[in-house]
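1. below: sequence and its predicted model.
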Amino acid sequence: MTLEDVLEAALGGNLVVLLLAALVILSVVLGVRIVPQSEKHVVERFGRLRAVLGPGINLIIPFLDRVAHKVSILERQLPNASQDAITADNVLVQVETSVFYRILAPEKTVYRIRDVDGAIATTVAGIVRAEIGKMELDQVQSNRSDLISTIKESVEDAVENWGIEVTRAEILDVNLDAATREAMLQQLNAERARRAQVTEAEGKKRAVELAADAELYAAEQEAKARRISAEAEAYATQVVAQAIADHGIEAAQYQVALKQVEALTAVGQGDGKQTIIVPAHAMDAFADAFKMLAGRK
């Protein structure tokens, strides 16, 4: 055997080994699939769904199975969309919405719907128009949270067969046309004017009520004072009458003398510039009063 024959035999055997090694390596590369945490892979075998690979290391049959779709399971946001809607009171509004979703079952998403974003956007637009058509404009503005919840539930029911979960739906803004805004502004100004007039009228009414209450209170206090004064006068008269009944005319004369002295004292408390004219017999009455008081003591 020549050297050339030996070399050809050696190379032929190694070639087979190299081919087998290459086949094993290729099988390992094709059979082992590492799936990231944020993805799921859809595996097909001869064009049919075989399995859905989750995150981590997965094994498939080389040359028979293949990864047909790599689907991200991260939460996604649809581009903000605006759609026109007519409320129950025939007002045209433009609603701006935003929807967040994520794919839970990739095998349903890739085989049941082609354009996921477009399908969800169309579904949201139809549901928004339907729900706003049931409400008046004031309800749309005041019950926005309830409207958002209703839209989210309706969208979830519609996309359930696509393996999609709607995580959040938002109504970002509700815009009106210029004519409607002008009409609402006029209505708002009229309502403010009406409230101002009502407040002013209530203030005047309250002022009148307070003034009437004050007058009534003053009258009650004055009547109370008069009653107390009358009771005191009646009591004093009763005491004098009892004294007259017990001591005779002297008690009456004493009381008269006391009143005369009090009157004279009041006259003497003036500033000294006034002139007082009294009858001539008044001085005799005062003298008698002083004598009676002196004798009484």
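-> Right, received. Where do you want to start? Numbering: from 1, shown residues only.
2. packing partners for whichever strand or helix holds residue 204?
-> Element membership for residue 204, per DSSP states H and E: helix 178-247. When contacts are defined as 3 or more Cβ pairs under 8 Å, 6 or more residues apart in numbering; DSSP states H and E, helix 178-247 packs onto helix 249-268. C-beta: built from backbone N, CA, C; applies to glycine.
3. so which helix or strand takes in residue 58?
-> strand 56-59.
4. which residues sit against the following helix or strand past that strand?
-> For strand 56-59, the following helix or strand on the C-terminal side (DSSP H and E) is strand 65-72. Here strand 65-72 makes contact (Cβ atoms under 8 Å, 6 or more residues apart in numbering) with 33, 38-45, 50-51, 53, 60, 103, 106, 109-110.
5. show me which residues of strand 65-72 are buried.
-> Burial within strand 65-72, assessed by neighbour count using 16 or more other Cβ atoms under 10 Å, is assigned to 65, 66, 67, 69, 71.
6. and the next helix or strand after that strand, which strands flank it?
-> Following strand 65-72 in sequence order, the next helix or strand is strand 76-77 (DSSP H and E). Take DSSP bridges as the rule and strand 76-77 pairs in its sheet with strand 92-103 (antiparallel).
7. I'd like to know which elements the helix or strand following the partner strand is packed against.
-> Under the assignment DSSP H and E, the closest C-terminal helix or strand after strand 92-103 is helix 106-112. The contact analysis (3+ Cβ pairs under 8 Å, 6+ apart) places helix 106-112 against strand 39-45, strand 48-53, strand 65-72.
8. hmm, try it at 10 Å
-> strand 39-45, strand 48-53, strand 65-72, helix 116-132, strand 164-176 (3 or more Cβ pairs under 10 Å, 6 or more residues apart in numbering; DSSP states H and E).
9. mean confidence score for the second one?
-> Spelled out, that is strand 48-53. What strand 48-53 shows for mean pLDDT is 92.
10. same deal with stretch 129-136?
-> Stretch 129-136 carries an average pLDDT of 89.
11. how far does it sit from its chain's centre?
-> When distances are taken as Cα atoms, centre = their mean, to the nearest Å, stretch 129-136 is centred 23 Å away from the chain's centroid.
12. just the CA coordinates for it, please, in PDB.
-> The C-alpha trace of stretch 129-136 is given here as PDB (Å, rounded to 0.1, in the frame of the first residue of the first chain):
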ATOM      1  CA  ARG A 129     -69.700  55.300  20.200                       C
ATOM      2  CA  ALA A 130     -72.200  52.900  21.500                       C
ATOM      3  CA  GLU A 131     -71.700  53.700  25.100                       C
ATOM      4  CA  ILE A 132     -71.600  57.500  24.600                       C
ATOM      5  CA  GLY A 133     -74.800  57.300  22.500                       C
ATOM      6  CA  LYS A 134     -76.600  56.000  25.700                       C
ATOM      7  CA  MET A 135     -75.600  59.000  27.800                       C
ATOM      8  CA  GLU A 136     -76.200  62.800  27.700                       C
END
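13. can you list the buried residues in that stretch?
-> Buried residues in stretch 129-136 (16+ other Cβ under 10 Å): 131, 132, 135.
14. for the first one, give me its contacts.
-> If I follow you right, that is residue 131. Residue 131 makes contact with 85, 95, 140, 146, 147, 148, 150, 151, 154, according to Cβ atoms under 10 Å, 6 or more residues apart in numbering.
15. ok, now the last one?
-> The neighbours of residue 135, taking Cβ under 10 Å, 6+ apart as the test, are 85, 87, 88, 89, 141, 142, 143, 146, 147, 150.
16. which SS state does it fall under?
-> Under DSSP: H, G, I helix; E, B strand; the rest coil, residue 135 falls in the coil class.
17. redo the helices and strands packed on helix 106-112 as TSV? Include distance to residue 201.
-> Listed next are those as TSV, based on distance: least, Cβ to Cβ, whole Å:
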stretch	distance to residue 201
strand 39-45	69
strand 48-53	73
strand 65-72	65
helix 116-132	38
strand 164-176	33
